[in-house]
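Q: sharing a sequence plus its predicted fold:
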Amino acid sequence: MMTREELNLISDAIRSAESHTSGEIRVCIARRCDGDPLKAAYIKFHKMKMENTQLRNGVLIYLSPTDHKAAILGDKGINEMVRNDFWDDALEEMLACFRREEITDGICKGVGKVGELIKTLYPISDNDINELSNEVILEE
């Protein structure tokens, strides 16, 4: 689905985005997404126990580049503080890249945009702990 080099670039983008926020960002890439990507993201979010972060500030970027579908799901701590269309810019930026077949670039831009969005809500703290892995999840 993706090369090791592409996966490393995405993991590096996650690390970079998280260096400015205590929020936790995960990326899950699905081979196919036949239904609603937000529903699939919700299921994956809870299956990975992302709601277990101390500040409830996890964000899942769930996508199926093949189907040009993506969703961004924030945990309760973030969603209680933001407007409903909070993730729309990041999502549209990713989807525009997917339509141009710039998959890795789109994911990295989306991760960066999410990091920018949440750093004002959850700035990095001196004793920040990386609660969730930065590795990309590949779903068959």
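A: Sure thing, it's come through.

Q: tell me which residue is most central in this structure.
A: I61 (2.8 Å; C-alpha atoms, centre = their mean).

Q: contact partners for it?
A: Taking C-beta atoms under 8 Å, 6 or more residues apart in numbering as the criterion, I61 is in contact with 25-28, 70-72, 94, 107, 110-111, 114. Every residue, glycine included, has its C-beta placed from N, CA and C.

Q: go again with 7 Å.
A: By C-beta atoms under 7 Å, 6 or more residues apart in numbering, I61 lies in contact with 25, 27, 72, 110-111, 114.

Q: filter these down to the ones in helices?
A: Taking DSSP state H as the definition of helices, these contribute 110-111, 114.

Q: between these, which is closest to L55?
A: V114 (15.5 Å; C-beta to C-beta).

Q: how many other residues sit next to that closest one?
A: V114 has 30 neighbours, counted by other C-beta atoms under 10 Å.

Q: and the helices in this protein?
A: For the chain, applying DSSP H gives helices covering 4-18, 37-47, 76-79, 88-99, 103-119.

Q: what would the ones you listed look like in JSON lines with distance to L138 and mean pLDDT?
A: Listed next are the helices of the chain as JSON lines, based on distance: least, C-beta to C-beta, whole Å; pLDDT from 0 to 100:
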{"stretch": "helix 4-18", "distance to L138": "8", "mean pLDDT": "96"}
{"stretch": "helix 37-47", "distance to L138": "12", "mean pLDDT": "95"}
{"stretch": "helix 76-79", "distance to L138": "25", "mean pLDDT": "90"}
{"stretch": "helix 88-99", "distance to L138": "17", "mean pLDDT": "90"}
{"stretch": "helix 103-119", "distance to L138": "12", "mean pLDDT": "94"}
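
Q: so which of the ones you listed is the most packed in?
A: Here the criterion is mean neighbour count by mean count of other C-beta atoms under 10 Å, and of the helices of the chain the winner is helix 103-119, at a mean of 21.

Q: what packs against that helix?
A: For helix 103-119, the packing partners by 3 or more C-beta pairs under 7 Å, 6 or more residues apart in numbering; DSSP states H and E come out as helix 4-18, strand 24-30, strand 58-64, helix 88-99.
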